[in-house]
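Participant: sequence first, then the predicted structure, then my questions.
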Protein chains: 4
Amino acid sequence: MTERLACAVLGASGYIGQHFVRLLADHPRFELTTLATGDRSAGQPLGETWHLTEPPPADLADRTLVRTSASRLARSGVRVAFSALPSGLAGPLETELTRRGVAVFSNAADHRMDATVPLLVPEVNRAHLGLLASRPKGRAPLVTNANCSTTGLVLGLAPVLPLLRPKLVHVVTYQALSGAGYPGVPSLAATDNVIPYIAKEEPKMREETVRILGRLHRGRVHDLRLTVLPHCARVAVRDGHLEAVTVEATRSPSLGELERAWSTFDPLAALDLATAPHPAVELRHEPDRPQPVRDRWAGQPARARGMAAVVGRLRWEPPYLRFFLLSHNAVRGGAGGSVLNAELALDEGYLGSGGKGP
Amino acid sequence: MTERLACAVLGASGYIGQHFVRLLADHPRFELTTLATGDRSAGQPLGETWHLTEPPPADLADRTLVRTSASRLARSGVRVAFSALPSGLAGPLETELTRRGVAVFSNAADHRMDATVPLLVPEVNRAHLGLLASRPKGRAPLVTNANCSTTGLVLGLAPVLPLLRPKLVHVVTYQALSGAGYPGVPSLAATDNVIPYIAKEEPKMREETVRILGRLHRGRVHDLRLTVLPHCARVAVRDGHLEAVTVEATRSPSLGELERAWSTFDPLAALDLATAPHPAVELRHEPDRPQPVRDRWAGQPARARGMAAVVGRLRWEPPYLRFFLLSHNAVRGGAGGSVLNAELALDEGYLGSGGKGP
Amino acid sequence: MTERLACAVLGASGYIGQHFVRLLADHPRFELTTLATGDRSAGQPLGETWHLTEPPPADLADRTLVRTSASRLARSGVRVAFSALPSGLAGPLETELTRRGVAVFSNAADHRMDATVPLLVPEVNRAHLGLLASRPKGRAPLVTNANCSTTGLVLGLAPVLPLLRPKLVHVVTYQALSGAGYPGVPSLAATDNVIPYIAKEEPKMREETVRILGRLHRGRVHDLRLTVLPHCARVAVRDGHLEAVTVEATRSPSLGELERAWSTFDPLAALDLATAPHPAVELRHEPDRPQPVRDRWAGQPARARGMAAVVGRLRWEPPYLRFFLLSHNAVRGGAGGSVLNAELALDEGYLGSGGKGP
Amino acid sequence: MTERLACAVLGASGYIGQHFVRLLADHPRFELTTLATGDRSAGQPLGETWHLTEPPPADLADRTLVRTSASRLARSGVRVAFSALPSGLAGPLETELTRRGVAVFSNAADHRMDATVPLLVPEVNRAHLGLLASRPKGRAPLVTNANCSTTGLVLGLAPVLPLLRPKLVHVVTYQALSGAGYPGVPSLAATDNVIPYIAKEEPKMREETVRILGRLHRGRVHDLRLTVLPHCARVAVRDGHLEAVTVEATRSPSLGELERAWSTFDPLAALDLATAPHPAVELRHEPDRPQPVRDRWAGQPARARGMAAVVGRLRWEPPYLRFFLLSHNAVRGGAGGSVLNAELALDEGYLGSGGKGP
């Protein structure tokens, strides 16, 4: 086996943090050496803080969560940090880490709209990784994954965008509770209810979508000209964001062409990225799919479970294409997104000796 | 007290049927004399078949459900039948009843699109009641309420339609489990899940919406020219359909004008209809409303609980107006809709001696 | 109408507090003049802080919540305070109020085990109100209702206790989310889950049960000699605590005698207490009752909805009697319990001029 | 790899059937050659009928479900049938299969109480497999797993039974929806509710528990003298039965002895059974465990996920020991139980050439 890069999970007591741990345990390219936390779980073994339904990795359950700092992390030999830190806290700490030579792959929103930070969904805008060339001198790479709802949306749109050339996309979400982390939504607000509001979510979906779908040209990303009109709501589902999408197209491909575009969408096919799902989007033909309980773990091979977006219920009445899409918010739209980003960055040479890039 | 008209509930063991019972118990204008059922609950006391969270009316809990026929109902002196029969079964029986002089107010879909049957939401298209003038000779009136999701939508749209003059409306639903009645959706399909499909629901929303919003002219209804693009899904909520609406407007009123249009919408204000909510639409200003658990019982006075539609989260970026709306699918979008229809028909003289109309 | 006593609700922004408001709006003997809160909802209209599925009383929705003090409450003419304050905060404030002449009926646990404070469930231990005679000089009455699970248990046990004379009772609870108030249980902990632990609940059930069932003799309550062995757990139910009870009897009455004891249990029949349910316990004969959604609102007349305990699924294999029981934790086991306590205290003369008692 | 025995899953479109499929895909000793179904899913690919949240095995998703018969199964070379057939249907078909030389491992209740059929939970009553010696001549082995709630209970009790020697056990269940299969419990009955009744469940728990804990002597099982007093209820949980247990002991071991008995309980440690969890029972020390979402997948190694019982919240007040226990009803209490039974039978030589036993 190739030598593995020492890595840390920041925020290892949280929901996204523990998905990072799950995905990095026994990873072929990264070795999880540090479970960091900033909260009162410091000092506890991972197993006692574990939130997920999937059991904690057997060999990590007894590992102690530690409170640490950027300088100690860097000195300890950690080369890559996966950040599941809360917004606000994440920003300065992530910058500090890159200054000290630790590459950061972050789920936090703080740096997503920075001009020189790739907001990356590898199947969609792999070229944006090139932004790293413009990063401040002497810093290790910093790459962010997109907001959970945005990730699913761009994965669902990317395959058919060239065929449809839309100017407008309507999207309405049915978002899972885990998107709010712990303690998150009170159970009395969630049970037998829908909450038609998620703070800051709609602006994120608008801004991030057009950025990810934009084009990197001369060192900066030019947003796609596309209006995204979102309604975001929270439903009583543990994991898996469902989205009802209506695309207003300017072209009229056949339904067959659209289906083909989705089924054959696998831009990472030629690369050997451990967590990449093949295909990236699964197309379902049953009348009532995708559904959170049945489709959130979509993705082949086994290591890519929860990484594929699932599209179904196509209704094509030109110029309006309607469909539902689903993706696992905490995996594809969270920890898994950043793990895949790191795998791509490693593959493209950005995490090489000195972290200098290709 | 005015003499009350003897009435029957058809399908009294079902979810909508029991809301009819609840609303008609102690009604000022109707006297509930017969609880009819076609299923194996015949012979049981109402209380033992009761499904609702609200307790059965104390004086009806021991009343026995009966299996009966159109002719026996007519002979027993029943003047009005409220139909919560399943589609398919409802159609012929409702026709038979009107032939025998029993007026029918139906929640079933069978006759909704009939050219001479009013598809009525009193606050929205009261004039359509005039279609009764065209009904076949010798028949008692037959009036239908709209599909549950459609009812909420037209109530939410009607106040602002003249200001916006849209050509297109996008609507995405979060529909409650009770919309599927008993046994309905299996719990393993509902728990921790969303089902992005409800049989026949999307076509109903398209056809019924433009019919209700259409204009009665020379004895027939001319559909409104409006495209409705729905996505319908079922969520783990007991009661209350939430809808995310995006209206593509051709006019640009101010936000204040829109809010005023909703808050002052009370077309039945001058009438004395027991179940009519005043105002018909409640406008919420909190960031996270309307919600099923908090808003499904909206409606003043007490007898009109669950009859108002609730609108909130307005976002107006001309030409797109976005909002969420909620209505109680089994009350406003079901039994309550037909009770209100009957009150209006009675008020307008259609249930007078001989059922001849004004 | 008799003159009504001015009263206040303390903690009016909380779940129990709002049930107090709902029950006291339009009460025949109490007039709700003050909605007090200690949290940041002060200054907001009641309607905007409203948590319950039942709509806020129409004439109180616009009433402003106020931050106040014991002295201001007393000076404002409030004669009775209904306390839904959190434990810890409640104790000193309630004492202070009684010092200033304001009678307190409290849902808080702080004073429940005080030797001179009645822990009262009127149908069960009405005589304990006599403890008020021993209260410190010059103080207004202070009466507490029992813990929510305990209230249901003693109501279910009281009718059959003389027939069974048990030494041991096993009780296992399925407790509703509202028992933890707002924000309470996180939705990720509640959805698709059961939590087999509720802090302090099991000791409360043991201590309070034997106290309530104890005998007042020479100014103090002698606990019943009975071992209560509870398991307490939280389930994904909004309202209504279900309990599985197994009584180890020392006598062997017939099943008929037991059923009769429950059905005829109505110790308050002769009194005219507005919120008292008649009968106090409802006995169900269906195989699958009681259930939270169907039985939590049990209780006749209308004003007593949610005040009756419901017993069902009797299995009598001497010496073991097993049954399920249900009561609405926030009504019967919370606000409603204290309202009924106040009605009894008023009826027995404890809230008369000067609050001196009979 | 050793040659694998060809096996079939009967009832492969159902919930338990699909757990069989999941557990047998890629099994080291069994090769899944036939997916049989008796319902209208015959002819469909497995993937389209898939109910579970875990994705279908990749290489079986396209396999077609077939309608077949005992004789065709036998002729096709199937050596072992795993039965997830519904009660009533299962009995005669299973007998027919064993007559034709196909060994049957069944989750159905039909043959559980037969005098010569082992009702087997390997960690608890492995010796009962010896009953197979008494089976009718010429028949292949037939072995049943226990009812889902019973399985968890005997696993939880077995380690401490010798220390406690109880005469009485109280058990109250919080059972998952999947225990009722598809369509099972209607969502309106499950959401925001608990149903305090499961048909036939309480008698099964009483009879099966004492049988499994009984002693095989001279070719028949002598039930343990123990009274089990169950209350069974259904809660809104997808998977994982929680049980509140109170043991009335006749001995007084220390708490340490009890904990040691549980933690060291691993009677299959010396065998190499693929699906056996080691240890068989996991003891949790947190105050609020076990919980369905966190503990239902307990069990090491990876292939034994969902096979361990989890015990927690010990409260020992002699003679009463109280604890909560959890097990995955569809895995440990269903398909996994029978797979483990088959592994044991194979290991002990009962599935050897001719299926003759050791």
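Facilitator: Now that the structure is in, tell me what you want to look at. Residues are numbered from 1 along each chain as shown, chains lettered A, B, ... in the order given.

Participant: helices of the stretch 1-150 of chain A, start to end?
Facilitator: A:15-24, A:46-49, A:70-75, A:90-99, A:122-125, A:148-157 (DSSP state H, counting those that start in this stretch).

Participant: reformat the ones you listed as a markdown table; add mean neighbour count and distance to chain D.
Facilitator: (Each C-beta comes from the backbone N, C-alpha and C, glycine too.) Converted to a markdown table, the helices of the stretch 1-150 of chain A look like this (neighbours: other C-beta atoms under 10 Å in any protein chain shown; distance: least, C-beta to the nearest C-beta, whole Å):
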| stretch | mean neighbour count | distance to chain D |
| --- | --- | --- |
| helix A:15-24 | 26 | 12 |
| helix A:46-49 | 19 | 7 |
| helix A:70-75 | 16 | 29 |
| helix A:90-99 | 19 | 27 |
| helix A:122-125 | 23 | 20 |
| helix A:148-157 | 28 | 18 |
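
Participant: least reliable of these by average pLDDT, please.
Facilitator: Of all the helices of the stretch 1-150 of chain A, mean pLDDT reaches its minimum on helix A:46-49 (a mean of 92).

Participant: still on that earlier bit, switch the helices of the stretch 1-150 of chain A over to JSON lines; also include distance to chain B.
Facilitator: Listed next are these as JSON lines, based on distance: least, C-beta to the nearest C-beta, whole Å:
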{"stretch": "helix A:15-24", "distance to chain B": "16"}
{"stretch": "helix A:46-49", "distance to chain B": "23"}
{"stretch": "helix A:70-75", "distance to chain B": "36"}
{"stretch": "helix A:90-99", "distance to chain B": "25"}
{"stretch": "helix A:122-125", "distance to chain B": "23"}
{"stretch": "helix A:148-157", "distance to chain B": "13"}
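
Participant: nearest to residue D:144, of these?
Facilitator: Nearest to residue D:144 among the helices of the stretch 1-150 of chain A is helix A:46-49 (34.9 Å), distances taken as C-beta to C-beta.

Participant: up against chain B, what does the stretch 101-250 of chain A have?
Facilitator: Within reach of chain B by C-beta under 8 Å from any C-beta of the partner chain, the stretch 101-250 of chain A has these residues: A:170, A:172, A:174, A:189, A:191-197, A:229, A:231, A:233, A:235-238, A:242, A:244, A:246.

Participant: re the thing from before, could you dump the helices of the stretch 1-150 of chain A to a markdown table with distance to residue D:329?
Facilitator: Formatted as a markdown table, the helices of the stretch 1-150 of chain A follow (distance: least, C-beta to C-beta, whole Å):
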| stretch | distance to residue D:329 |
| --- | --- |
| helix A:15-24 | 24 |
| helix A:46-49 | 24 |
| helix A:70-75 | 44 |
| helix A:90-99 | 41 |
| helix A:122-125 | 38 |
| helix A:148-157 | 31 |
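
Participant: just the strands in the stretch 201-350 of chain A please.
Facilitator: Taking DSSP state E, counting those that start in this stretch as the criterion, the stretch 201-350 of chain A carries its strands at A:215-217, A:220-222, A:227-231, A:234-235, A:241-248, A:281-283, A:309-317, A:320-327.

Participant: quick one: average pLDDT of the longest one?
Facilitator: Confidence over strand A:309-317 (mean pLDDT, whole number) is 98.

Participant: so is it next to chain B?
Facilitator: Yes. If you take C-beta under 8 Å from any C-beta as the test, strand A:309-317 does meet chain B, through A:312, A:313, A:317.

Participant: okay, buried residues for that strand please.
Facilitator: Of all the residues in strand A:309-317, those buried under the rule 16 or more other C-beta atoms under 10 Å in any protein chain shown are A:309, A:310, A:311, A:312, A:313, A:314, A:316.
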